[in-house]
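Novice: build me a model from this:
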Amino acid sequence: MAPRLRLSLVLIACALGVSACNPTLRSHGHRYTVGEEPNIVPMEDTRASVVRQLGNPSTRGTFEDDTWYYISATRESLAYLRPVTRDRRIIAVSFNEDGVVSEVNEYSLEDGRVVAYNDRETPTRGRELSFLEQLIGTVGRLPTDQFSDEDNLPGGAGGPRRN
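Specialist: As a prediction, the model looks like this:
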């Protein structure tokens, strides 16, 4: 093979390999247009005007319905690696009893906290059986009343007696 052809093939293979490693960005949640800043004025805007400006909220307060959250996140994934959150924006709009905006807060990725999950399991009563014990545990403990002449069916049906 000619050296120029070999060099061209190597360069093409390298270009394809490098292009396969480009990160993929994905946007999740509420979509903002570039340069969009919500113009929500506390003590003036109502629930209806907030819906007109931002649309329906991503989620609402868990215990009280007086706070709406608009959440957006951008995640970057690279090949087989775990995706990384590059940007997060949360707008929290709180309302008073009359449905008027009382407070607007904006949170970013820097405001987030890492939550340590507890991975303990609730114990169950009795002893734990291994897979083999579960599989062959009833061998030798077959109920003898099923092999006798009595026709006592579950539910008291009994059926006709054979004589």
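Novice: what about the helices in the protein?
Specialist: 3-19, 47-54, 131-136 (DSSP state H).
Novice: so how far is residue 87 from the residue nearest the centre of the chain?
Specialist: Residue closest to the average C-alpha location in the chain (CA atoms, centre = their mean): residue 28, at 12.0 Å. Residue 28 is 11 Å from residue 87, where distance means CB to CB, to the nearest Å. The C-beta positions use only the backbone N, C-alpha and C, and glycine is treated the same way.
Novice: between those two, which contacts overlap?
Specialist: Counting by CB atoms under 8 Å, 6 or more residues apart in numbering, the shared contacts of residue 28 and residue 87 are 73-74.
Novice: about what we covered before: could you dump the helices of the chain to CSV with distance to residue 119, mean neighbour count and mean pLDDT?
Specialist: Shown next, in CSV, are the helices of the chain (distance: least, CB to CB, whole Å; neighbours: other CB atoms under 10 Å; pLDDT from 0 to 100):
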stretch, distance to residue 119, mean neighbour count, mean pLDDT
helix 3-19, 39, 9, 79
helix 47-54, 37, 15, 91
helix 131-136, 22, 9, 78
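Novice: quick one: these as JSON lines, columns for distance to residue 37 too.
Specialist: Formatted as JSON lines, the helices of the chain follow (distance: least, CB to CB, whole Å):
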{"stretch": "helix 3-19", "distance to residue 37": "36"}
{"stretch": "helix 47-54", "distance to residue 37": "10"}
{"stretch": "helix 131-136", "distance to residue 37": "59"}
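Novice: which among the ones you listed is found nearest to residue 111?
Specialist: Closest to residue 111 of the helices of the chain is helix 47-54 (CB to CB; 19.2 Å).
Novice: the closest one packs against which elements?
Specialist: Secondary-structure packing of helix 47-54 (3 or more CB pairs under 8 Å, 6 or more residues apart in numbering; DSSP states H and E): strand 84-95.
Novice: all strands for the protein, in order.
Specialist: Secondary structure of the chain (DSSP state E): strands located at 24-29, 59-60, 67-77, 84-95, 101-108.
Novice: no further questions, thank you.
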